[in-house]
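> Following is a predicted model, sequence given first.
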Amino acid sequence: MSALVTILDDEPAIRQMLSDALAEAGFRTMSFGRATEFEAALRRTTPDVCLVDLGLPDRDGLTLVHRLALEQGATVIIISGRAQVQDRVTGLELGADDYIIKPFDPAEVVARIRARLRTRTRSAPSDTARFNGWTAHFDRYALEDETGEETTFSHAEGEVLRLFLESPKRLITRAHMQETLGGAAGESFDRAMDVRISRLRTKLREDPKNPRLIKTIYGAGYIFLGDVSWS
């Protein structure tokens, strides 16, 4: 079955434009003009990708993006007229996977969605990784410690964690992260990665001054030092 893309935007013309482009590209779509309608639909179905406008009439779009990233596990792409770097950084920090500025070409949106879905498909075969007393459950976005206590992580944080766990004890450069995870290179991408890595370290109970697992190699990138097994 084709991937389901939900569109949340209060402008009917944009919803129709995106629905037409996505349908032509082979995607299933559901469109909503208000956050309350969108959230009600989420109780009945689970989309693969959520396109979310920040300028909603009944809800703060950034708050909704943060909740989607933590609870739904779907890929979240912001579509917004807010072009400032800080808005893009904030959206990515809150868990969005990508940020597209209005006005946009529908073909670009389709291409970004396909790129994100390819990333998820590549990471689908193994859902569980064990390392240094931790178990990462990518099927339910949770980190489990040796006592069985679980801490959730967002889809965006999970992409970074999987990248580390699939290449332990190897240098991962910022350029490789950008190429693998997608998104436009630049200040907003770098800051979003810094935030996601900081949150992963906190969830792994790392000493921020001397992390044992995710090491920063200044001027080069990162190295994950754990011993990893997949199942």
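Perfect, thanks for sending it.
> mind showing which ranges of the chain have poor pLDDT?
The model of the chain has pLDDT under 70 over residues 70-73, 119-126, 183-187.
> Now do the strands for the protein: every range, in order, please.
With strands called from DSSP state E, the chain shows them at 4-8, 28-32, 49-53, 75-80, 98-101, 128-131, 134-137, 142-144, 150-152, 171-173, 214-217, 221-224, 228-230.
> Out of those strands, flag the one nearest residue 92.
The minimum distance between residue 92 and these falls on strand 98-101, with 6.3 Å, by Cβ to Cβ. (C-beta placed from N, C-alpha, C; glycine too.)
> same for that closest one, what does it pack against?
Helices and strands touching strand 98-101, by 3 or more Cβ pairs under 8 Å, 6 or more residues apart in numbering; DSSP states H and E, are strand 75-80, helix 85-93, helix 106-122.
> from what I can see residue 95 touches residue 77, true?
No. Residue 95 is not in contact with residue 77 according to Cβ atoms under 8 Å; the separation is 11.4 Å.
> Leaving out chain neighbours, which residue sits closest to residue 176?
residue 221 (7.2 Å; Cβ to Cβ, 6 or more residues apart in numbering).
> Run a quick neighbour tally on the nearest residue to residue 137 once chain neighbours are set aside.
Ranked by Cβ to Cβ, 6+ apart and with sequence neighbours excluded, the top spatial neighbour of residue 137 is residue 128, at 5.8 Å. Counted with other Cβ atoms under 10 Å, residues neighbouring residue 128 total 14.
> mind listing what residue 128 touches?
Contacts for residue 128 (Cβ atoms under 8 Å, 6 or more residues apart in numbering) come out as 135-139, 230-231.
> Residue 78 versus that one, what's the distance?
From residue 128 across to residue 78, the span is 30 Å (Cβ to Cβ, to the nearest Å).
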